[in-house]
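A.B. asks: test case, fold it:
(one chain, ligands or ions: 1)
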Amino acid sequence: MTTRSTQKMSKYLPTDQRPGIIYHGDCNHLLAELPDGCIDLCLTDPPYGINFKSKVKRVAKFKRPGFRKIANDKTPYTVWLADLYRVMAPGGRLICFYRWDVQEQFAEAIRAAGFKLKDQLIWDKMAHGTGDLKGGFGSQHELMFYAVKGRYTWKGKRPKTVFRHMKVNSQNLTHPNEKPLALLDDLIGCCSTPGETVGDLFGGSYKTLQAALLMGRKCVTSELGDVEHQNGLARLQKTNLQTRIQLISA
Ligand SMILES: C[S@@+](CC[C@H](N)C(=O)[O-])C[C@H]1O[C@@H](n2cnc3c(N)ncnc32)[C@H](O)[C@@H]1O
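C.D. replies: Presented below is the predicted three-dimensional model:
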């Protein structure tokens, strides 16, 4: 007999035959459909709550319009963490990007969800961004929290806390917060093993999904925005991964 939970598993959980799932909708709805303990590594980049608007301009040459504001970015977006804890496997790892000025809110929410906060990780982007050109430092790094559900011990070499990878050139961005594949490879490589399931609730360009599949992991990801979803799909079309990905719309 097929129970409701096995039906759910077959629809929203990636499998060896269909290792990539893209859910176009709200990550909280996706989480509600996922069974307990199914994600080994959640590598994600939520809205920080800083009302971010990219200064990267429209690139006519590449037929790319300017970027709009990020959804749910008015206050630190942490509501998903409680249900994420439920769907993480024992020993499941969370890598969550955040910004320095919302550090306390993210740390508190990660702990309140039940995770053990272990480390702060730094991505050195090897080139600075824009910001306050006259009165602020040229920001060259991004921050991540590393947290665990219970305990996880390294399967390979103990990783260091600084990751050095060139950021994506602004002309090549398909999403204002797009991360480079090499950084995601590095993070997925040290914090998961082949065959494990990676989750990214805030898919954006779907780079995490791409990196995970190329590294022999399964991946489930969600993206709320229509424009971001379409741009992410268009980018994935240039890879040869489409046959391994299933799209589910809310
Ligand atoms: C900081 S960006 C992630 C960018 C991504 N790391 C990349 O490399 O492209 C956050 C994304 O989360 C999406 N988002 C906001 N609220 C969401 C929600 N409730 N469920 C799913 N996606 C959401 C936004 O549309 C945005 O694209």
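A.B. asks: residue nearest the middle of this structure, spatially speaking?
C.D. replies: The centroid of the chain falls nearest to T44 when counting by CA atoms, centre = their mean (2.6 Å).
A.B. asks: which residues does it bridge with?
C.D. replies: Going by DSSP bridges, T44 is paired in beta bridges with C96.
A.B. asks: correct me, but it touches T208?
C.D. replies: Yes - taking CB atoms under 8 Å as the definition, T44 is a contact partner of T208 at 7.5 Å. Where you see a C-beta, it was placed from the backbone N, CA and C, and this is true even at glycine.
A.B. asks: common neighbours of these two, please.
C.D. replies: D200 (CB atoms under 8 Å, 6 or more residues apart in numbering).
A.B. asks: count of neighbours near D226?
C.D. replies: 9 (other CB atoms under 10 Å).
A.B. asks: what residues are up against it?
C.D. replies: By CB under 8 Å, 6+ apart, the neighbours of D226 are H24.
A.B. asks: tell me the pLDDT of it.
C.D. replies: Predicted confidence (pLDDT) for D226: 96.
A.B. asks: ramachandran angles for it?
C.D. replies: The phi and psi values for D226, taken as degrees, to the nearest 10, are phi -70, psi -50.
A.B. asks: name whatever forms a beta bridge with G20.
C.D. replies: C219, I245.
A.B. asks: count the neighbours of it for me.
C.D. replies: Neighbourhood size, G20 [other CB under 10 Å]: 24.
A.B. asks: okay, now D40: neighbour count?
C.D. replies: By the criterion of other CB under 10 Å, D40 has 23 neighbours.
A.B. asks: around the ligand, pick out the residues from the protein.
C.D. replies: Within the chain, the positions near the ligand by CB under 6 Å from any ligand atom are 26-28, 45, 47, 70-72, 175, 177-179, 201-202, 204-205, 207, 222-225, 228.
A.B. asks: before we move on, the earlier item: how much space between the residue nearest to the centre of the chain and D200?
C.D. replies: 5 Å (CB to CB, to the nearest Å).
A.B. asks: mind listing the shared neighbours of the two?
C.D. replies: Residues touching both T44 and D200 (CB under 8 Å, 6+ apart): T208.
A.B. asks: still on that earlier bit, and the residues of the chain next to the ligand, which of them are in strands?
C.D. replies: Taking DSSP state E, the ones among these that sit in strands are S222, E223.
A.B. asks: sorry, back to before: roughly how far does the residue nearest to the centre of the chain sit from K134?
C.D. replies: Note on T44: its distance to K134, by CB to CB, is 34 Å.
A.B. asks: and L184, by the same measure?
C.D. replies: From L184 across to K134, the span is 34 Å (CB to CB).
A.B. asks: give me the more crowded residue out of the two.
C.D. replies: The neighbour count for L184 versus K134, taken as other CB under 10 Å, is higher for L184 (24 against 4).
A.B. asks: grab the nearest non-local neighbour of the more buried one.
C.D. replies: Nearest residue to L184 in three dimensions, chain neighbours excluded: A211, at 3.8 Å (CB to CB, 6 or more residues apart in numbering).
A.B. asks: closest point of this protein to the ligand, which residue?
C.D. replies: Closest contact between the chain and the ligand, by CB to the nearest ligand atom, is at G204 (2.5 Å).
A.B. asks: where does pLDDT dip in this structure?
C.D. replies: The model of the chain has pLDDT under 70 over residues 1-10, 55-66.
A.B. asks: all helices of it, in order?
C.D. replies: 4-12, 27-33, 81-87, 103-113, 181-191, 207-214, 226-236 (DSSP state H).
A.B. asks: before I go, just wanted to say thanks for your time.
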